[in-house]
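Colleague: Everything below, folded, please.
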Amino acid sequence: MFQAMQSPKPPYHIYGTKIRRTSIEATDFLRRNDRLAALLPAATRMAKLQKDVRLILPPMYANCEALSVQEGVLTLAVPSSAVAAKLKQQAPKLQAALQKKGWQVDAVKIKIQVGRALPVEDSASLKPSSLELPPTAVQAFEELGDALPASPQNAPLIAAIKRLAEKRKNK
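Modeller: Residues are numbered from 1 along each chain as shown. Below you'll find the model as predicted:
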């Protein structure tokens with residue numbers, strides 16, 4: 001059976017993405033499917049636009065993302081109304097700088113998307129066992145456990161406070 005030889009394409013990184021390996025895997029996935037391969041130029045274009053937006057705007061707007069450019073209107077996603085208000089002041093400068101770089105941007109539209117304000121945290125930092133308390137806090141918990149009146153209602157609370165203090169003292 002005859003198989004057409006194709007030259008291997010170099011890894012394709014979408015600029016603006018944080019993890020290069022994931023970006024390359026995503027572009028390889030898009031390239032393998034004919035229908036999805038049509039999305040690759042659009043994804044690359046948006047990533048380049050995002051990169052240019054980040055280079056132009058001050059660092060305080062790092063959470064802003066370019067969502068789309070349609071009919072000359074650039075739509076940016078921002079994490080809060082406060083950032084949106086400040087970004088409106090930067091919009092003419094951004095528009096002019098993007099036009100200098102060859103982007104056809106006639107207007108800037110700002111969309112507030114609160115979910116973008118949340119930082120991405122790894123699961124290890126969310127574990128309660130990774131919290132460290134200063135010795136004065138541990139001592140305060142011990143004193144609180146001793147100071148609470150012993151009653152059937154307080155018994156579970158006192159036991160929990162003493163376990164917490166003991167656990168943190170041993171660290």
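Colleague: going forward, measure contacts between C-alpha atoms and count neighbours the same way
Modeller: Fine.
Colleague: Which parts of the protein are helices?
Modeller: Using DSSP state H, the helices of the chain run over 20-32, 34-37, 39-56, 81-100, 135-147, 155-169.
Colleague: Export those as CSV, with columns for mean pLDDT and distance to Glu65.
Modeller: What follows is the helices of the chain, written out as CSV (pLDDT from 0 to 100; distance: least, C-alpha to C-alpha, whole Å):
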stretch, mean pLDDT, distance to Glu65
helix 20-32, 67, 17
helix 34-37, 75, 23
helix 39-56, 87, 6
helix 81-100, 93, 12
helix 135-147, 86, 41
helix 155-169, 87, 42
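Colleague: In CSV, list those along with mean neighbour count.
Modeller: Below are those laid out as CSV (neighbours: other C-alpha atoms under 10 Å):
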stretch, mean neighbour count
helix 20-32, 15
helix 34-37, 12
helix 39-56, 17
helix 81-100, 15
helix 135-147, 15
helix 155-169, 16
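Colleague: How is the chain partitioned into domains?
Modeller: 12-56, 58-120, 123-169 (automatic domain parsing).
Colleague: where's the closest residue to Ala91 other than its chain neighbours relative to Glu166, distance?
Modeller: Once flanking residues are discounted, Ala91 sits nearest to Val108: 6.3 Å by C-alpha to C-alpha, 6 or more residues apart in numbering. As for Val108, its distance to Glu166 is 57 Å (criterion: C-alpha to C-alpha, to the nearest Å).
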